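In: Here's a sequence, model it:
(2 chains)
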Amino acid sequence: MASQNLLKSKVGPYGLSLLILVVFLFVWQMSTLQPAFDSAGKTEDDLMVMEFNGDIVKDAKGNYIYNPDKVKGIPGPGKVFEKARVELGEAFVKKGANDHGIGLLVIYTIRRFLVGFIAGSVVAVLLGIIVGLSRPLYIALNPFIQVLKPISPLAWMPLLLYSIKDPYWTAILVVFMSSLWPTVANTAFGVNSIRKDYLQVSALLEMSYFRRLFQVILPAAAPTIIAGLRISFGSALVAVVPAEMLLGELGAGYLTWIEWNNLDISGVIFAILVVGVVGYALDYAFGRLAAAFTYSEV
Amino acid sequence: MAFLRVDHVSKTYPVLDDKARKGDSFVVFRKVAFEIHKGEFLSMIGHSGCGKSTLLNIIAGFDQPSEGGVILEGREITRPGLDRMVVFQSFALMPWLTAFDNVRLAVRQAHPDWSPQQVRDWTQKYINMMNLHGAENKRPAFLSGGMRQRVGLARAFAVEPKVLLLDEPFAQIDALTRGGIQEELVRMWNATRNTVFMVTHDVDEAILLSDRIALMTNGPDAELAEIIEVTIPRPRVRAALIDSPEYHRIRNHILHFLMKGAKREKHVKSPSNITDLPKTSSQLQVVGK
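Out: Residues are numbered from 1 along each chain as shown, chains lettered A, B, ... in the order given. Presented below is the predicted three-dimensional model:
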C-alpha cells in the first residue's frame, strides 16, 4: 500500500527512477569489483615478472596489489566516472589531429546529423508531395519506395564512398539517405489520403491550386508527415554512429571506436553514454518542434 | 423561371459484379425532378440508400448526374463554387484552424478584394450571429458537436451563397442540443432568406424548418414520390408546434409514407399515396408529380 501511494505522489515516479539508478550502479559496482591480490603460492620471480608486466604494483605500504590502471573485465562505475570527469574537463581542447575534446566531437556529430537530416527531409517532403498529389504517380512509384525503404542506409556507404571519394560528405550522405524513405512514404500517404470533405470545402471555396496545397493539403497531412519525419529522425540518429566509425570521421560515434582501439573500456562506456545523451537531446528538441505543427483531430 | 431546377436527374453506377453483363448498371435514383423557388426552404426525406445525399452532392457539384442536369439561375451546374455552400454532416471544419479562422478562410475566398480588416469584421459579424462568442479562438477539437456545427453554419452563411445545401446537418448532434441549433438556423434563415435544400432523416426537423418536403421512395432505383407543402405559419416555435393539429397531420402522413408508402413497387407510379392524405385539411396541399 505504501509503495502504491508513493508511486501516485508527484515525486514518486522520479524517486523510482533514482532508485533504479542507484540499484543499477550498485550491481555494476559489485559485479566489477577486483579481488584483492593474493601473493600466496607465488615465488619472488613470479611476482617480479608480474610487476614487470604491469599486472601488479606496490602500494604505499609496500604490499603488492593489482594495477588499478590495468583492469581485467568491465570497469566499474568509479572508473567510468573518473574518465568522464577527465574528458569533460578538457571538452573543447584539441590535442592533435584526431584527438579532439568530447564537446567538439559532439558538435561535429550534431552538425553532421542536422545537415544530413534537414537536407534529406526537405527533399523527402517535396518528393512525397509530388508523388502523393497524383494517384497514378503514387501507384507507379510506390514499389520503388517500398524496396528502397528497408535498405539499411549503411549499405549505401561503399557505393557512396566510391562515387564521391570523400568520407566527410559520405557520412553526411548516409544520414541523408536514412532520412529519406520513411518521410517520402509518409508524406505521399498523408497527402494522398486527406479526408475528402476538406477537399470538398476547398473546392466550394474555389481555392487556387497553391492555396489549396498550402492551406488545406499540407496542414491536413502535417501529422502524418511529422510521424514520417520522426521515423526518419530515429533511423538517421542510429546511422550516424556507425557511419562515423566506419569512415573514421571525428564525432561522438567515432569516439567509441577510438577508445576501443586504445583498449580503454571506460572510454568506450563513456562514449556510449555520450551517444545516448546526444540522441535524447536531439529527440527532445525534435519533439518540441513537432508539437508546434500538430493538432487534435476532430 | 425557377431559381434552382433539378431536371430529371438520374444517378447510375456501372455494376462491377462478375456475373453482370457488360453495360449493366445500378440505378440509385431515376428522373428526379423538382424546382426550388428563390428564398424557399425545401427538405428531402427518405430512407438510407435512396440517394438523397448523392443528389445533394450533384447540386453541390461534387458529383455528376448520369442523366439530366441541375440548373441554377439559368446556368447548368458542373462544378462546386461559392454560389452554393454545403453544411456537412461531418462538419468538415479544418482542425488546424480556430473557429474564427475557419469562417475567415471562407470570407476571404468569397471576397478576395476586401481588406483584412473588412474580412475580419464580416467574419466577426457571423460569429456573433451564431452565438459563438468565446469560442472563436478555439480549435474544433475543443468544441462540442453543437458548437462545431454553428461554426459550419456561420461559414456557410458568411459567404452569402445563392443556395445553401444542408447534408443531414444535425445528425451527429445530440437531441437536446439539436433543438437549440435548429431554432438558430430558423433565425438565421429568417434574417437572410437564403434558398435552402436540406437532406434529413428527421421528420420533426423537416417540418420545423421547411416550406416544402420532398419524399423519396426506397433505393436502389428510388424516385421522388411527392412533395408536401408545410403551411404551418412562421415563425414556428418548437414548443408551440407540438400542439398544432396540422403538425400532427403532416407528421403522421410522412411517417406512414416512410413505413409503408416508400416500399412501393418499382417503376409503378401509383397515385395511391396521395389518397392517404387527410382530405379535411385545406391547408395541407400536395404538389404531387
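In: of all the residues in chain B, which ones are close to chain A?
Out: Applying CB under 8 Å from any CB of the partner chain, we find that chain B lies next to chain A at B:60-62, B:79-82, B:84-86, B:88, B:90-96, B:105-106, B:109-110, B:139-142, B:148, B:159. Heads up, the C-betas are built off the backbone N, CA and C, glycines and all.
In: let's see it at 7 Å
Out: B:62, B:80-82, B:85-86, B:88, B:90-96, B:106, B:109, B:139-141 (CB under 7 Å from any CB of the partner chain).
In: So which of those residues sit within helices?
Out: B:106, B:109 (DSSP state H).
In: could you flag which of the residues of chain B next to chain A are buried?
Out: B:62, B:80-82, B:85-86, B:88, B:90-96, B:106, B:109, B:139-140 (16 or more other CB atoms under 10 Å in any protein chain shown).
In: For the most centrally placed residue in chain B, which non-adjacent residue is spatially closest?
Out: Central residue of chain B (CA atoms, centre = their mean): residue B:198, 1.1 Å from the mean position. For residue B:198, ignoring the flanking residues on the chain, the nearest one in space by CB to CB, 6 or more residues apart in numbering or on different chains is residue B:166 at 3.9 Å.
In: Flag every residue of the stretch 1-150 of chain A that's near chain B.
Out: So the stretch 1-150 of chain A never meets chain B (CB under 7 Å from any CB).
In: Would you map the strands across the stretch 1-150 of chain A?
Out: Along the stretch 1-150 of chain A, counting by DSSP state E, counting those that start in this stretch, strands occupy A:56-58, A:64-66, A:94-96, A:99-100.
In: So the residue nearest to residue B:198: helix, strand or coil?
Out: strand (DSSP: H, G, I helix; E, B strand; the rest coil).
In: Please apply the same query to the one 5 residues further on.
Out: Secondary structure state of residue B:171, per three-state DSSP, is coil.
In: one step back: can you tell me who the residue nearest to the centre of chain B pairs with across the strands?
Out: When bridges are called by DSSP bridges, residue B:198 pairs up with residue B:43, residue B:166.
In: could you list every residue that touches it?
Out: By CB atoms under 7 Å, 6 or more residues apart in numbering or on different chains, the contact list for residue B:198 reads B:43, B:166, B:209.
In: 8 Å instead, please
Out: B:41-44, B:165-166, B:169, B:206, B:209-210 (CB atoms under 8 Å, 6 or more residues apart in numbering or on different chains).
In: How many residues are close by residue A:129?
Out: Residue A:129: 20 surrounding residues under other CB atoms under 10 Å in any protein chain shown.
In: out of everything not next to it in sequence, what's closest to it?
Out: Using CB to CB, 6+ apart, the closest residue to residue A:129 is residue A:191 (5.6 Å).
In: quick one: low-confidence ranges for the chain?
Out: With no chain named, the answer covers chain A. Flagging of chain A using pLDDT under 70 yields the residue ranges A:1-7, A:71, A:298.
In: That was the other one, I meant chain B.
Out: B:1, B:20-23, B:261-289.
In: Please repeat the previous calculation with a cut-off of 80.
Out: For chain B, applying pLDDT under 80 flags the ranges B:1, B:15-24, B:219, B:260-289.
In: where do the strands sit along it?
Out: Per DSSP state E, chain B carries strands over the ranges B:4-14, B:25-36, B:41-45, B:67-72, B:75-76, B:84-87, B:163-167, B:195-200, B:212-216, B:224-229.
In: Isn't the residue nearest to residue A:129 up against residue A:132?
Out: Yes. Using CB atoms under 8 Å, residue A:191 is in contact with residue A:132, at 3.0 Å.
In: got any residues that touch both of these two?
Out: With contacts defined as CB under 8 Å, 6+ apart, the residues shared by residue A:191 and residue A:132 are residue A:221.
In: Tell me where the stretch 101-250 of chain B has helices.
Out: B:116-129, B:145-158, B:175-192, B:203-209, B:238-241, B:245-259 (DSSP state H, counting those that start in this stretch).
In: in the third one, what counts as buried?
Out: Just to be clear, that refers to helix B:175-192. Buried residues in helix B:175-192, counted by 16+ other CB under 10 Å: B:178-179, B:181-186, B:188-189.
In: how far away is the residue nearest to residue B:70 when sequence neighbours are not counted from residue B:71?
Out: Counting by CB to CB, 6+ apart, residue B:70 lies nearest to residue B:77, which is 4.5 Å off, once chain neighbours are set aside. As judged by CB to CB, to the nearest Å, residue B:77 and residue B:71 stand 7 Å apart.
In: more crowded one of the two?
Out: residue B:77 (21 against 17).
In: Isn't that one up against residue B:69?
Out: Yes. Assessed by CB under 8 Å, residue B:77 is found in contact with residue B:69 at 7.4 Å.
In: Contact partners for whichever residue of the stretch 151-289 of chain B sits closest to chain A?
Out: The minimum distance from the stretch 151-289 of chain B to chain A, using CB to the nearest CB, falls at residue B:159 (7.8 Å). Shown in contact with residue B:159 (CB under 8 Å, 6+ apart): A:205, B:82, B:85, B:106-107, B:109-110.
In: same thing but at 7 Å, please
Out: Counting by CB under 7 Å, 6+ apart, residue B:159 touches B:82, B:85, B:106, B:110.
In: Is it correct that the third one is in contact with residue A:207?
Out: Translated: residue B:106. No. With contact taken as CB atoms under 7 Å, residue B:106 and residue A:207 are classed as non-touching, separated by 10.0 Å.
In: helices and strands around the longest helix belonging to chain A, which ones?
Out: Counting residues, the longest helix found in chain A (DSSP H) is helix A:102-133. Packing partners of helix A:102-133 (3 or more CB pairs under 7 Å, 6 or more residues apart in numbering or on different chains; DSSP states H and E): helix A:135-148, helix A:167-192, helix A:218-247, helix A:252-261, helix A:265-291.
In: can you redo those helices as CSV with mean neighbour count?
Out: As requested, these are exported to CSV (neighbours: other CB atoms under 10 Å in any protein chain shown):
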stretch, mean neighbour count
helix A:135-148, 13
helix A:167-192, 24
helix A:218-247, 22
helix A:252-261, 21
helix A:265-291, 16
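In: count of neighbours near residue 51?
Out: Reading this off chain A. With other CB under 10 Å as criterion, residue A:51 counts 14.
In: not what I meant, chain B
Out: Using other CB under 10 Å, residue B:51 has 27 other residues around it.
In: can you check residue B:253 too?
Out: 23.
In: Equivalent analysis for residue A:32, please.
Out: For residue A:32, the count of nearby residues is 17 (other CB under 10 Å).
In: How about the residue in the stretch 101-250 of chain B positioned nearest to chain A: what's its closest non-neighbour residue?
Out: Residue nearest to chain A within the stretch 101-250 of chain B (CB to the nearest CB): residue B:141, separated by 3.6 Å. Spatial nearest neighbour of residue B:141, excluding adjacent residues (CB to CB, 6+ apart): residue A:296 at 3.6 Å.
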